[in-house]
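1. One predicted model, sequence on top.
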Amino acid sequence: MSSEPLKPWSYVVLALIGDRGAAPHDLVDMVRRGGRLFYAAAPSQIYAEPKRLEGLGYVTSRREPGRTRERTVYTLTERGREALRAWLALPAPFPRIQNEANVRLLAGDLIDDETSVRSFVAMRDELDELEALVAEGEAMATQIPHRERYLRLSFSLARKLLAAHREWIDEIERELDGR
């Protein structure tokens, strides 16, 4: 068992696995429904991390029947629970935000305002898509009673972030539209 340190992404995966366990496909599905607002991860990264955590002794796996074939389900080991509990007890820091849209705005002096506005207005379609995924997650939260209130609070933040981006795009459009 390695003593390799856990990465921030490792704690996300441990938290998603939780006490009830999860298969990699379940993790990808959880990230798809709202998780995109909080952490950036490719499906390949999501599939790989539980295997890495198992090698480090933080999770264990078992095979279970799936819809079409067997699937691997990961559960926390005592070491994984202890690491996650210790991390959860730390003061929650202000989130690191990787915001490519803001960088584009900062460099707005390098293009004309009309092009910049078109770029930001185009984000509304993605916001619509994300809102639909959040709604899907909210609907599924009732099926996970042990986490329902935590999911509800998380989706509340997701909705507020989406609304803030809509307001921001409106502001950019008003300010740079030239009218």
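-> Nice, thanks for sending it over.

2. How about residues contacting the least confident helix or strand in the chain by mean pLDDT?
-> Ranked by mean pLDDT, DSSP states H and E, the weakest helix or strand in the chain is helix 24-32, scoring a mean of 83. Residues outside helix 24-32 that contact it (C-beta atoms under 8 Å, 6 or more residues apart in numbering) are 13, 16-17, 22, 39, 41, 43, 46-47, 50, 71-72, 74, 133. C-betas here are computed from N, CA, C, even on glycine.

3. Closest to Leu151 out of the residues you listed?
-> Leu16 (11.3 Å; C-beta to C-beta).

4. Grab the longest helix from this protein for me.
-> As assigned by DSSP state H, the longest helix anywhere in the chain is helix 148-176.

5. relative to helix 148-176, how tilted is the least confident helix or strand of the chain?
-> Interaxial angle, helix 24-32 versus helix 148-176 (axes from the mean of the first three to the mean of the last three C-alpha atoms, to 10 degrees): 40 degrees.

6. next SSE after helix 24-32?
-> helix 43-55 (DSSP states H and E).

7. Give the buried residues for that following helix.
-> Applying a neighbour-count criterion of 16 or more other C-beta atoms under 10 Å, one finds 46-47, 49-50, 52-54 buried in helix 43-55.

8. With stretch 124-144 instead?
-> By 16+ other C-beta under 10 Å, the buried positions in stretch 124-144 come out as 130-131, 133-134, 137-138, 141.

9. Now that stretch - C-alpha only, PDB.
-> Output in PDB follows, covering the C-alpha atoms of stretch 124-144 (Å, rounded to 0.1, in the frame of the first residue of the first chain):
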ATOM      1  CA  ARG A 124     -26.700  30.800 -22.800                       C
ATOM      2  CA  ASP A 125     -27.200  27.500 -24.700                       C
ATOM      3  CA  GLU A 126     -24.800  25.800 -22.400                       C
ATOM      4  CA  LEU A 127     -26.400  27.300 -19.400                       C
ATOM      5  CA  ASP A 128     -29.800  25.900 -20.600                       C
ATOM      6  CA  GLU A 129     -28.200  22.500 -20.900                       C
ATOM      7  CA  LEU A 130     -26.600  22.700 -17.500                       C
ATOM      8  CA  GLU A 131     -29.900  23.800 -15.900                       C
ATOM      9  CA  ALA A 132     -31.600  20.800 -17.500                       C
ATOM     10  CA  LEU A 133     -28.900  18.500 -16.000                       C
ATOM     11  CA  VAL A 134     -29.300  20.200 -12.600                       C
ATOM     12  CA  ALA A 135     -33.100  19.600 -12.800                       C
ATOM     13  CA  GLU A 136     -32.400  16.000 -13.600                       C
ATOM     14  CA  GLY A 137     -30.100  15.700 -10.600                       C
ATOM     15  CA  GLU A 138     -32.700  17.400  -8.300                       C
ATOM     16  CA  ALA A 139     -35.300  14.900  -9.400                       C
ATOM     17  CA  MET A 140     -33.000  12.000  -8.700                       C
ATOM     18  CA  ALA A 141     -32.000  13.300  -5.300                       C
ATOM     19  CA  THR A 142     -35.200  11.800  -3.700                       C
ATOM     20  CA  GLN A 143     -33.900   8.400  -4.700                       C
ATOM     21  CA  ILE A 144     -30.900   8.900  -2.500                       C
END
